[in-house]
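Q: Below are the sequence and a predicted model; questions follow.
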Amino acid sequence: MVKRCSWCERNQLLIDYHDNEWGIPVHDDQIHFEFIILESFQIGLNWALILSKRDNFRKNFSDFQPQKVALYDEEKVQQLKANKGIIRNERKIRAAIQNAKAFLKIQEQYSSFDSYIWSFVDNTPIINNYETMDEVPAYTPLSKKISQDLKSRGFSMIGPTVMYSYMQAVGILNDHLTTCNWHPKNRL
């Protein structure tokens, strides 16, 4: 019998995300940028909604290419605000553009965003051993530290809770429950 983390059992979209992406280490800068955008748009909403709009986000945010998003102008902001296929929050749209610019600066400084972000964990995923979802924190000292560092580099809408979710998404953290078939101890 397949056992999964309880948060994903509401619909097939969440199950597919859980089984095929969540907690798997990412080393592609474009995917890192995708999750920065998606996680920041999730603020105050639920992940199922964001996933249901993911293809629209991809189409309307230039396939999550930071070099293109960084060039968005006021006309593009207004176009995105009018687009019912995404979350039409102006602050989040403007944050995505600002974050693209800051993302590019980190790429210049570290050769890749991946090198920068994984340096916080010495290039080794953190494997947690939570038995229930109640044990999983909203944020940690590490997510707070990374959030503060990103903010000092010009990022916005990327607080410690957003950063914790991002870290889970890109596999810096593996928070699959110990009862889940996708927890590393159960994958042997």
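A: Happy to help now that I have it.

Q: downstream neighbour of the longest helix seen in the chain in the secondary structure list?
A: Once the chain is assigned using DSSP state H, the helix that runs over the most residues is helix 90-110. Sequence order places helix 113-118 as the next helix or strand after helix 90-110, per DSSP states H and E.

Q: low-scoring stretches of the chain, by residue?
A: 188 (pLDDT under 70).

Q: so where do the helices sit in it?
A: Taking DSSP H, the helices of the chain run over residues 12-20, 29-42, 47-52, 54-60, 66-69, 74-81, 90-110, 113-118, 141-152, 160-169.

Q: can you list these in TSV and add distance to residue 178?
A: Just so you know, the C-beta spots here come from the backbone N, C-alpha and C atoms, and that holds for glycine as well. Shown next, in TSV, are the helices of the chain (distance: least, C-beta to C-beta, whole Å):
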stretch	distance to residue 178
helix 12-20	15
helix 29-42	24
helix 47-52	22
helix 54-60	29
helix 66-69	36
helix 74-81	41
helix 90-110	34
helix 113-118	24
helix 141-152	20
helix 160-169	15
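
Q: give the contact list for the closest residue to residue 14 other than its chain neighbours.
A: Excluding the flanking residues, the one nearest residue 14 by C-beta to C-beta, 6 or more residues apart in numbering is residue 8, at 4.2 Å. With contact taken as C-beta atoms under 8 Å, 6 or more residues apart in numbering, residue 8 is in contact with 14, 15, 17, 18, 22.

Q: how close does residue 8 sit to residue 2?
A: Separation of residue 8 from residue 2 (C-beta to C-beta, to the nearest Å): 11 Å.

Q: now residue 181
A: With C-beta to C-beta as the criterion, residue 181 and residue 2 are 6 Å apart.
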